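S.K.: All I have is the shape, not the residue letters:
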Ligand SMILES: Nc1ncnc2c1ncn2[C@@H]1O[C@H](COP(=O)(O)OP(=O)(O)OP(=O)(O)O)[C@@H](O)[C@H]1O
Ligand SMILES: [Mg+2]
């Protein structure tokens with residue numbers, strides 16, 4: 001038996017893969033954005049759950065930015081960042097301060113205290129930034145812009161090429177008309193007006209496909225402010241690399257049939273590739289003599305590890321509707337209200353009227369299972385969800401038959 005080392009595959013949220021396959025075009029396009037003299041376009045990176053947005057941003061875009069002499073600041077956006085305009089400003093300044101704390105400027109003359117060299121320097125800490133922010137005249141957007149422009153001037157003098165504000169999970173962005181708070185509008189306005197005044201800040205927002213429509217809803221000019229990069233399945237070559245490369249220095253590898261079965265079962269989606277490969281590897285460690293891939297068992301485990309949690313939160317009637325959508329031929333692309341109404345008449349569920357469907361879909365959107373695309377059609381927000389739903393319904397149909 002050959003020596004088997006630790007399992008290299010990393011299914012997870014934001015876990016760097018052992019080998020980040022493909023995505024060359026996206027990285028090249030991101031680099032182009034760093035070459036803009038005047039920043040006219042910012043970047044949105046979207047895709048369904050588990051398509052590799054977070055790792056692409058952390059492992060590739062960040063490195064590309066740093067290689068180009070840019071500073072990278074940012075973190076995850078949380079709902080709380082968009083509760084109020086103040087929260088958003090605190091978020092941005094907190095993230096910026098991680099970088100600016102290492103910058104310092106001369107203190108204005110007349111400061112009390114010993115006049116040592118160190119004493120004449122003032123670090124741009126978070127406290128400094130928030131004091132500066134508070135002292136600026138105007139509205140929140142003016143204060144934020146003035147503070148960021150001030151930081152840019154200092155950074156530029158130190159040789160910085162630009163500053164990327166990179167935010168993950170950015171689909172939570174929103175305005176709060178009910179509370180008269182417009183944090184998203186402030187975010188967009190601030191970046192747009194700073195960029196017009198030649199400050200080199202680039203905004204990179206990463207999240208589910210609902211992100212871009214939300215931005216445009218807040219400020220129509222957002223449509224022109226961003227390039228949207230949408231990532232999904234890996235190309236067949238990249239999927240093959242994602243499967244094979246992690247084992248390149250290992251004593252064994254997948255057979256060509258093994259690779260194609262994993263490609264097929266994962267449909268090229270990065271999370272599923274990592275999941276299936278990891279399970280297969282563990283199976284091999286536990287059963288060194290059995291070199292086959294127990295795909296059925298792995299898919300069942302995937303159903304319970306990845307999909308079931310999302311399914312639990314759905315009511316019976318909502319499940320029926322999801323089943324109808326999953327039975328459509330092009331379920332994995334997009335579907336409309338009328339298609340669901342039509343197909344529901346042919347399936348063994350209580351038929352849906354258009355009113356029912358348009359009432360239920362928003363609930364499913366809230367639960368993060370479905371989203372509305374730019375053409376006003378609906379899509380599953382989770383890759384390969386339709387297959388899971390059909391498996392669920394098939395097994396319950398079989399169970400029912402057992403009790404007849
Ligand atoms: N290009 C790639 N090659 C190989 N594996 C990848 C690639 N991209 C992502 N993965 C793997 O897929 C999984 C999901 O990646 P990641 O968490 O970045 O997805 P995501 O799009 O951010 O998902 P979510 O929407 O849930 O935040 C991780 O286990 C990661 O290691
Ligand atoms: Mg992510």
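M.R.: In hand now; what should we look at? If you're wondering where the values come from, they're calculated on a predicted model, not measured in any experiment. Ligands and ions are numbered 1, 2, ... in the order given.
S.K.: Could you list the low-confidence segments of the stretch 201-350 of the chain?
M.R.: Scanning the stretch 201-350 of the chain with the threshold set as pLDDT under 70 gives no residue ranges.
S.K.: Now do the strands in it.
M.R.: 201-207, 226-230 (DSSP state E, counting those that start in this stretch).
S.K.: quick check: angle from the longest one to strand 226-230?
M.R.: With axes from the mean of the first three to the mean of the last three C-alpha atoms, to 10 degrees applied, the angle from strand 201-207 to strand 226-230 works out at 30 degrees.
S.K.: ok and the residue in the stretch 201-350 of the chain nearest ligand 1?
M.R.: For the stretch 201-350 of the chain and ligand 1, the shortest gap (C-beta to the nearest ligand atom) falls at residue 270, measuring 3.3 Å. Just so you know, the C-beta spots here come from the backbone N, C-alpha and C atoms, and that holds for glycine as well.
S.K.: Ignoring the adjacent residues along the chain, who's closest to whatever residue of the chain ends up closest to ligand 1?
M.R.: The minimum distance from the chain to ligand 1, using C-beta to the nearest ligand atom, falls at residue 52 (2.4 Å). Closest residue to residue 52 apart from its sequence neighbours, by C-beta to C-beta, 6 or more residues apart in numbering: residue 270 at 4.3 Å.
S.K.: Would you mind listing the residues in contact with the one you found?
M.R.: Applying C-beta atoms under 8 Å, 6 or more residues apart in numbering, we find residue 270 in contact with 17, 21, 50-52, 234, 242.
S.K.: The same query, at a cut-off of 7 Å, please.
M.R.: 50-52, 234, 242 (C-beta atoms under 7 Å, 6 or more residues apart in numbering).
S.K.: Among the residues you listed, which lie within helices?
M.R.: residue 242 (DSSP state H).
S.K.: how about a markdown table for the contacts of residue 270, with neighbour count added?
M.R.: Formatted as a markdown table, the contacts of residue 270 follow (neighbours: other C-beta atoms under 10 Å):
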| residue | neighbour count |
| --- | --- |
| 50 | 21 |
| 51 | 22 |
| 52 | 27 |
| 234 | 24 |
| 242 | 26 |
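S.K.: Let me know the closest of the contacts of residue 270 to residue 174.
M.R.: residue 51 (22.7 Å; C-beta to C-beta).
S.K.: OK, contacts around that closest one?
M.R.: 231-232, 269-270, 383.
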